[in-house]
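Novice: got a predicted structure plus its sequence, pasted below:
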Amino acid sequence: MEPLVLNSAVDWVMFFLVCVGIVSFAVSGTIIAIQKKTDLIGAIIFAFTTAFGGGLIRDIIIGRNPPALFSTVEYAIYAAICLVVSLSLFLVSFIGKTATVLTGQIHNWLLEGSDSLGLALFCVLGVDSAATFCAANGVSTNPGLLIFCGCITGIGGGILRDMFSAQIPLIFRKHVYLIPALLGTGCYVLLLPHLPRLAVVLISVSIILTLRILAMRFHWNWPTPLDAKKEEK
């Protein structure tokens with residue numbers, strides 16, 4: 001198993017950002033599990049799927065074998081963090097009236113807020129991980145591949161989570177979701193040759209998170225056929 005190597009301040013910041021992303025997606029997955037009334041095992045599986053599903057797909061695409069999830073010490077730490085967050089949130093839902101409170105608006109804000117933060121961090125960290133791995137191993141890449149790797153890292157786990165919960169994935173039904181991911185990862189690819197790595201990561205994360213917050217605040221949605229029928233009436 002590859003050891004955890006944090007030799008610089010940038011490495012520590014990147015490690016911290018991944019931890020924040022893991023917590024965000026673990027919260028998102030566990031909330032969906034609570035809403036769907038799963039048991040504890042279901043909540044843990046939903047949390048792990050949301051947090052690690054996209055990265056697993058990314059590693060398969062770029063030919064990382066075995067995937068980082070099963071081969072690095074840092075992912076063992078991330079898995080422990082995900083487990084603790086999922087267990088804590090699931091158990092808190094049984095304390096007093098918390099379960100009743102969390103089924104309302106707070107649940108929705110927690111879900112959308114944590115999902116947006118996880119999306120922003122994992123899209124950018126996903127494209128960064130793919131670029132770093134491919135450069136170190138001589139794997140040929142192009143901007144389209146890197147952008148796809150970033151987007152699938154951010155949205156892949158959520159798609160699997162929603163499929164497990166028997167609902168249309170969030171990316172296909174609510175708020176502007178994929179466009180911020182594309183813009184953020186595209187920004188990373190364009191700026192990386194010209195700016196320090198950490199600056200590019202933070203700028204790209206800010207773009208995605210800002211657009212997602214605006215979409216939530218002002219209820220931006222893509223039009224659907226049903227919307228058109230409502231306007232005709």
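Specialist: That came through, no problem. A quick note: this is a predicted structure, and the numbers were derived from the prediction, not measured.
Novice: in which helix or strand would I find Leu6?
Specialist: Assigned by DSSP states H and E, Leu6 belongs to no helix or strand.
Novice: any weak-confidence spans in this protein?
Specialist: Scanning the chain with the threshold set as pLDDT under 70 gives 1-3, 95-107, 174-175, 226-233.
Novice: biggest helix in it by residues?
Specialist: Counting by DSSP state H, the longest helix found in the chain is helix 105-137.
Novice: that helix - contacts with which helices or strands?
Specialist: Counting contacts by 3 or more Cβ pairs under 8 Å, 6 or more residues apart in numbering; DSSP states H and E, helix 105-137 packs against helix 9-35, helix 40-62, helix 143-164, helix 178-191, helix 197-218. Heads up, the C-betas are built off the backbone N, CA and C, glycines and all.
Novice: figure out how far that helix is from the centre of its chain.
Specialist: 4 Å (Cα atoms, centre = their mean, to the nearest Å).
Novice: follow-up on the earlier one: need the helices and strands packed on helix 105-137 in JSON lines with mean neighbour count and distance to Asn108, can you?
Specialist: Shown next, in JSON lines, are the helices and strands packed on helix 105-137 (neighbours: other Cβ atoms under 10 Å; distance: least, Cβ to Cβ, whole Å):
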{"stretch": "helix 9-35", "mean neighbour count": "21", "distance to Asn108": "9"}
{"stretch": "helix 40-62", "mean neighbour count": "22", "distance to Asn108": "16"}
{"stretch": "helix 143-164", "mean neighbour count": "23", "distance to Asn108": "15"}
{"stretch": "helix 178-191", "mean neighbour count": "20", "distance to Asn108": "19"}
{"stretch": "helix 197-218", "mean neighbour count": "18", "distance to Asn108": "10"}
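Novice: nearest to Val127, of the ones you listed?
Specialist: Of all the helices and strands packed on helix 105-137, it is helix 143-164 that lies closest to Val127, at 3.0 Å by Cβ to Cβ.
Novice: can you name every helix or strand that that closest one contacts?
Specialist: When contacts are defined as 3+ Cβ pairs under 8 Å, 6+ apart, helix 143-164 sits against helix 9-35, helix 40-62, helix 105-137, helix 178-191.
Novice: closest one to Leu91 among the ones you listed?
Specialist: The closest of the helices and strands packed on helix 143-164 to Leu91 is helix 40-62. By Cβ to Cβ, the value is 8.3 Å.
Novice: before we move on, back to that, quick one: which of the helices and strands packed on helix 105-137 is nearest Thr132?
Specialist: Nearest of the helices and strands packed on helix 105-137 to Thr132, taken as Cβ to Cβ: helix 197-218 at 8.9 Å.
Novice: residues contacting the closest one, please?
Specialist: Applying Cβ atoms under 8 Å, 6 or more residues apart in numbering, the contact partners of helix 197-218 are 10, 13-14, 17, 112-113, 116-117, 119-121, 123-125, 128, 154, 175-177, 179-181, 183-185, 187-188, 191-192, 195, 220-221.
Novice: what about Asn142, how many residues close to it?
Specialist: Asn142 sits with 9 neighbouring residues when counted by other Cβ atoms under 10 Å.
Novice: so how far is Phe148 from it?
Specialist: With distances taken as Cβ to Cβ, to the nearest Å, Asn142 is found 10 Å from Phe148.
Novice: got JSON lines for the helices and strands packed on helix 105-137, with distance to Ile77 too?
Specialist: Below are those laid out as JSON lines (distance: least, Cβ to Cβ, whole Å):
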{"stretch": "helix 9-35", "distance to Ile77": "8"}
{"stretch": "helix 40-62", "distance to Ile77": "12"}
{"stretch": "helix 143-164", "distance to Ile77": "18"}
{"stretch": "helix 178-191", "distance to Ile77": "24"}
{"stretch": "helix 197-218", "distance to Ile77": "20"}
